[in-house]
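Undergrad: coordinates for the following, if possible.
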Amino acid sequence: VGGPWTGPVSWRKPTTFGVSFGLTLATVTWVSALAGVPSVRRRLFLRAFAAASTVEVVVITVQAWRGVPSHFNTTTPLNAALAYSAAGGGAVLIAATGVLLATVARLRPGVPPSMGLALRIGVGTFAAALGTGAAMIALGVTAARSGTLADAYAAAAPLKPAHGALMHGVLVLPALAWLATHTSWSEERRVRSVALGCGGYLLTAAAVPLAAATAGAARATWTGVAALGALGLAAAALHTARAVRHHGSGTAPAADVSRITPPIRC
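TA: Below you'll find the model as predicted:
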């Protein structure tokens, strides 16, 4: 096939978009089941999401094969048709995610509170990521109409860190809550662990774009905040994984031994 691996016209873009959309589709399939989306609505939702994802990846791949930019490129009728097809696919993704967001806002009674928290924060941040992507498209298209493609990419670039940072909570947070269901913890303790993970993720997602938008001491500060948030999420995940391991082996963590060992009287 040939062609560069970096730059606005490269094979890196269709590769990363293909992997990202594939992982995202698998994630929303799993999350929609956890959220209890009604079966008929879920089938329609997943078909629309899969079709829109396919359109996005096909457009980006075709344009990479042709050796021209995919996003914001309306320089010829064919380029414009492909660019607007990708934009239409993005609109379908946002609408489909709205269905999922409405479902997690009013979860069925059987969903544990810890999972409910993870689903609401995860789907909410995913919707915010798609909204940020839509804003990037709007800024890029506006800049392209009055300038060049380089102007379009420059206009959209400041929102890329926020778009990327918000994308992954929909997978990471429900996975943390699911992992907690395989411990011997009470539901109250599971909620605390998931809340720590959600807080850490939100802190990181907020700090990453601020670090990217600043310089000097301010950038160092926001980078530290992002690292602190990531540490909180990692701590919640590691603590939960440790509890799962002890539960599976039939042993209790050292911190809980005092609760199950009777006092020794002399």
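
Undergrad: now do the same end-to-end measure for stretch 165-173.
TA: End-to-end span of stretch 165-173 (CA to CA, to the nearest Å): 13 Å.

Undergrad: buried residues in it, which are they?
TA: Neighbour-count burial for stretch 165-173, counted by 16 or more other CB atoms under 10 Å, picks out 165-173. C-beta here means a position set from N, CA and C on the backbone, and glycine is covered the same way.

Undergrad: residue ranges with poor pLDDT in the stretch 151-266 of the chain?
TA: By pLDDT under 70, the weakly predicted segments of the stretch 151-266 of the chain are 248-266.

Undergrad: quick one: the helices in the stretch 51-200 of the chain?
TA: Using DSSP state H, counting those that start in this stretch, the helices of the stretch 51-200 of the chain run over residues 77-105, 113-146, 149-156, 160-166, 169-180, 187-213.

Undergrad: name the helices or strands packed onto the fifth one?
TA: The one in question is helix 169-180. Counting contacts by 3 or more CB pairs under 8 Å, 6 or more residues apart in numbering; DSSP states H and E, helix 169-180 packs against helix 12-35, helix 113-146, helix 187-213, helix 216-249.

Undergrad: that one to helix 216-249, inter-axis angle?
TA: When axes from the mean of the first three to the mean of the last three CA atoms, to 10 degrees is applied, the directions of helix 169-180 and helix 216-249 differ by 30 degrees.

Undergrad: looking at it, Val172 is touching Gly122, isn't it?
TA: Yes. Val172 lies in contact with Gly122 (CB atoms under 8 Å); the separation is 7.3 Å.

Undergrad: make TSV out of the helices and strands packed on helix 169-180 and add mean neighbour count and distance to Ile60.
TA: Converted to TSV, the helices and strands packed on helix 169-180 look like this (neighbours: other CB atoms under 10 Å; distance: least, CB to CB, whole Å):
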stretch	mean neighbour count	distance to Ile60
helix 12-35	17	5
helix 113-146	20	13
helix 187-213	20	23
helix 216-249	15	28
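
Undergrad: in CSV, list those along with distance to Ala180.
TA: Putting those into CSV (distance: least, CB to CB, whole Å) gives the following:
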stretch, distance to Ala180
helix 12-35, 13
helix 113-146, 6
helix 187-213, 4
helix 216-249, 5
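
Undergrad: between those, which gets nearest to Ala177?
TA: Ala177 lies closest, by CB to CB, to one member of the helices and strands packed on helix 169-180: helix 113-146, at 3.7 Å.

Undergrad: average pLDDT across the closest one?
TA: Helix 113-146 carries an average pLDDT of 94.

Undergrad: and that helix with helix 187-213, angle?
TA: Using the same axes, to 10 degrees: helix 113-146 against helix 187-213 is 20 degrees.

Undergrad: picking up where we left off before, want to throw the buried residues of stretch 165-173 into a markdown table with distance to Gly199?
TA: Formatted as a markdown table, the buried residues of stretch 165-173 follow (distance: CB to CB, whole Å):
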| residue | distance to Gly199 |
| --- | --- |
| Ala165 | 15 |
| Leu166 | 15 |
| Met167 | 18 |
| His168 | 15 |
| Gly169 | 12 |
| Val170 | 16 |
| Leu171 | 17 |
| Val172 | 13 |
| Leu173 | 11 |
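
Undergrad: just those now: which is nearest Phe72?
TA: Among the buried residues of stretch 165-173, and counting by CB to CB, the member closest to Phe72 is Met167, at 20.3 Å.

Undergrad: quick one, what contacts the closest one?
TA: By CB atoms under 8 Å, 6 or more residues apart in numbering, the contact set of Met167 is 20, 24, 125-126, 129.

Undergrad: one more time with 7 Å, if that's ok
TA: Contacts for Met167 (CB atoms under 7 Å, 6 or more residues apart in numbering) come out as 126, 129.
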